[in-house]
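**Q** coords below, sequence missing:
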């Protein structure tokens, strides 16, 4: 990721592979692509070296994680170190032999999609922060916005005219049937139904 002029020289570096002067973002996400751990380093730091600190934070925060998939940059001694020290399995997702064009790789596309989500936010397209932790906070903020929108979509009110049957508990087979006439209003996390007619 390219760094602006406001980023000091001591916290930026040159990525010889991507020909970029700036910083690197190292992410750990779940199988849905939602953020678990983020770490920002200078671009000159090798992935396998930064991977130790990333996996250490992952193990400290999420004890139930047992298996991770990583790209080829994290191959080498990191895999053995994670298995011996953290009791964490790391599988490297490598490119197909002879691959010269873009291909969707198993498991690896999940984190690539997360990076695309992060890039939609203006403050994370380029690094403007003096400290790496400040940019990591911006990445976390961007993913909080993504996850909040998902939660809001999952709790949307049903469309007008939807009929719902709610058990009343007084006798078997008894229920209240609600015909929603107006859109449900979300007030402080509770759904309120206005002008609903019911019959037993």
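**A** That came through, no problem. Keep in mind the model is a prediction, meaning the values are calculated, not measured.

**Q** and the longest helix along the chain, what's buried?
**A** Longest helix of the chain, by residue count under DSSP state H: helix 132-154. Neighbour counts over helix 132-154 (16 or more other CB atoms under 10 Å) mark 132, 135, 136, 138, 139, 142, 143, 146 as buried. From N, CA and C alone the C-beta is placed, and that goes for glycine too.

**Q** and the residues you listed, which two are the farthest apart?
**A** 132 and 146 (21.3 Å; CB to CB).

**Q** ok so, going back, got the buried residues of helix 132-154 as TSV, with distance to residue 17 columns?
**A** Conversion of the buried residues of helix 132-154 to TSV gives the following (distance: CB to CB, whole Å):
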residue	distance to residue 17
132	20
135	20
136	22
138	24
139	21
142	25
143	25
146	28
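
**Q** can you list the residues you listed in CSV and add pLDDT and distance to residue 20?
**A** Below are these laid out as CSV (pLDDT from 0 to 100; distance: CB to CB, whole Å):
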residue, pLDDT, distance to residue 20
132, 93, 15
135, 94, 15
136, 94, 18
138, 94, 18
139, 95, 17
142, 95, 20
143, 95, 22
146, 91, 25
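
**Q** centre of the chain versus the top strand by length along the chain, how much separation?
**A** Scanning the chain for the longest strand, with DSSP state E as the assignment, gives strand 20-29. What separates the centre of strand 20-29 from the centre of its chain is 14 Å, taken as CA atoms, centre = their mean, to the nearest Å.

**Q** now the angle from that strand to helix 132-154?
**A** What separates the directions of strand 20-29 and helix 132-154 is an angle of 50 degrees, with axes from the mean of the first three to the mean of the last three CA atoms, to 10 degrees.

**Q** show residues contacting strand 20-29.
**A** The list of residues contacting strand 20-29 from outside it, by CB atoms under 8 Å, 6 or more residues apart in numbering, reads 1-3, 7, 11-15, 35-43, 45, 47, 50-51, 54-55, 57-58, 68, 110-111, 114-115, 118, 127, 132, 135-136, 139.

**Q** tally of neighbours for residue 19?
**A** The criterion is other CB atoms under 10 Å. On that basis, residue 19 has 7 neighbouring residues.

**Q** please report how far residue 26 lies from residue 97.
**A** Distance from residue 26 to residue 97, counting by CB to CB, to the nearest Å: 26 Å.

**Q** between these two, which one's more packed in?
**A** It is residue 26, of residue 26 and residue 97, that has more neighbours when counted by other CB under 10 Å, with 21 against 5.

**Q** can you tell me how far that one sits from residue 54?
**A** For residue 26, the distance to residue 54 - CB to CB - is 5 Å.
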